[in-house]
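Trainee: Okay, here's the prediction I keep looking at, along with the sequence it came from:
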Amino acid sequence: MSSGIRGEGSARFAPGPFFVCHRRHRMGPVGGVAARGINRLQEDSISVEPRINDRIRVPEVRLVGSEGEQVGIVPIGEALRMAQEADLDLVEVAPDARPPVCKLMDYGKFKYESAQKAREARRNQVLTVIKEMKLRPKIDSHDYETKKGHVVRFLKAGDKVKVTIMFRGREQSRPELGFRLLQRLSADVAELGFVESAPKQDGRNMIMVLAPHKQVRPRQGQPAAAS
């Protein structure tokens, strides 16, 4: 008796690689269709653009007119016909709703106006810049005046200032020195800024944040930086 595995009909297939290849051949087309289906789903999931017109593949939609009026739930064919007659696009604005919400609009004009608004918003965006100034608790008068001058300049430019008192060695046992120095600085620049974050100990440092008063116009359209 010859050994082997009986396949379909009367054919015999010897065990080994040939039989495995035979099974792969049978499953190949199904796997290809499944892979193409997954690719389509992935494309839909990562798309940032809303589906429009014939890309909307649902049986019915909740339709909103071009003026914002509620048309109601209509078959997708009817919605596409109404869009074509009005020389507009059918745009899916709420894909997760059941049924999805679609609106009649001029999609090209909508995209252009949205881009213009985004560009204008970026142009008018107020940037908050935080500068940093470091002091020693036993700073001499000349260095203090120099540091204070920098803080004044930052506040006039509309920037916040993070003031850091750095303690070393035995200075760490005298935190009141740093606290009094920060109080002095905040009082000296009170006309330009206020204490947004009160002095607090952070390891070997004591930190306070000063912010400019609202009448000081912040800088616009420049990248944030720290010095």
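Mentor: That came in fine, so what should we check first?

Trainee: which residues are contacting the strand or helix carrying residue 194?
Mentor: Assigned by DSSP states H and E, residue 194 belongs to strand 193-202. Strand 193-202 has contacts (C-beta atoms under 8 Å, 6 or more residues apart in numbering) with 155, 160-161, 165, 175, 178-179, 182-183, 186, 206-213, 216. From N, CA and C alone the C-beta is placed, and that goes for glycine too.

Trainee: could you flag which of the residues you listed are buried?
Mentor: 155, 160-161, 165, 178-179, 182, 186, 206-212 (16 or more other C-beta atoms under 10 Å).

Trainee: Give the next helix or strand downstream of the strand holding residue 194.
Mentor: Per DSSP H and E, the first helix or strand lying C-terminal to strand 193-202 is strand 205-212.

Trainee: That following strand - contacts with which helices or strands?
Mentor: Strand 205-212 is packed against helix 141-156, strand 160-166, helix 175-188, strand 193-202, with contacts defined by 3 or more C-beta pairs under 8 Å, 6 or more residues apart in numbering; DSSP states H and E.

Trainee: picking that back up, what angle sits between the strand holding residue 194 and strand 205-212?
Mentor: 160 degrees (axes from the mean of the first three to the mean of the last three C-alpha atoms, to 10 degrees).

Trainee: Using PDB, write down the CA coordinates of strand 193-202.
Mentor: Taking Å, rounded to 0.1, in the frame of the first residue of the first chain, the C-alpha atoms of strand 193-202 are listed here in PDB:
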ATOM      1  CA  GLY A 193       4.100  93.200  36.800                       C
ATOM      2  CA  PHE A 194       2.600  91.100  39.600                       C
ATOM      3  CA  VAL A 195       3.500  87.900  41.400                       C
ATOM      4  CA  GLU A 196       1.700  85.100  39.500                       C
ATOM      5  CA  SER A 197       3.300  82.300  41.400                       C
ATOM      6  CA  ALA A 198       4.400  83.000  45.000                       C
ATOM      7  CA  PRO A 199       7.900  82.100  46.100                       C
ATOM      8  CA  LYS A 200       8.300  78.400  46.900                       C
ATOM      9  CA  GLN A 201      11.300  76.200  47.700                       C
ATOM     10  CA  ASP A 202      12.400  73.700  45.000                       C
END
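
Trainee: quick one, that strand and helix 175-188 angle?
Mentor: Angle, strand 193-202 to helix 175-188, by the same axes, to 10 degrees: 170 degrees.

Trainee: What pairs with strand 193-202, parallel or antiparallel?
Mentor: strand 205-212 (antiparallel) (DSSP bridges).

Trainee: Please work out the average pLDDT along the partner strand.
Mentor: The pLDDT scores in strand 205-212 average 95.

Trainee: what do you get for stretch 103-120?
Mentor: For stretch 103-120, the per-residue pLDDT averages 91.
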